[in-house]
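Asker: no sequence on hand, only this structure:
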């Protein structure tokens, strides 16, 4: 299974809000990018569009919220 989720966190010492997108593969490999990465919001929008989910307002994510899954695919065994 491959899944992609988004979530928010705050970083010390200034409680800077960061939004993250995490892509995780069944192998355990993963990649995270955050809203400080150029093209972050466009990437999140593209993943959501591809998944068929409704648009997501990232500004509404709270650091206390669990990650929101925006894409999931189950790989088939060959």
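Answerer: Received it, and whenever you're ready, just let me know what you need. Quick caveat, the model's predicted, so the values are computed rather than measured.

Asker: surely residue 71 meets residue 4?
Answerer: Yes. In this structure residue 71 lies within contact range of residue 4 using CB atoms under 8 Å: 3.9 Å. Every residue, glycine included, has its C-beta placed from N, CA and C.

Asker: who's more crowded, the two?
Answerer: residue 4 (23 against 20; other CB atoms under 10 Å).

Asker: pull out the buried positions in the helix or strand encompassing residue 17.
Answerer: Element membership of residue 17, judged by DSSP states H and E, is strand 16-25. For strand 16-25, the neighbour count (16 or more other CB atoms under 10 Å) marks 19-24 as buried.

Asker: ok, of those, which one's closest to residue 45?
Answerer: Residue 45 lies nearest to residue 21 out of the buried residues of strand 16-25, by CB to CB, at 10.6 Å.

Asker: distance of the closest one relative to residue 63?
Answerer: For residue 21, the distance to residue 63 equals 15 Å [CB to CB, to the nearest Å].

Asker: overlap of the contact sets of residue 71 and residue 4?
Answerer: By CB atoms under 8 Å, 6 or more residues apart in numbering, residue 71 and residue 4 have these common neighbours: 47, 51.

Asker: residue contacts, the nearest residue to residue 55 once chain neighbours are set aside?
Answerer: With CB to CB, 6 or more residues apart in numbering as the criterion, residue 55 has its nearest non-adjacent residue at 6.3 Å, and that residue is residue 48. Applying CB under 8 Å, 6+ apart, we find residue 48 in contact with 54-56, 70-71.
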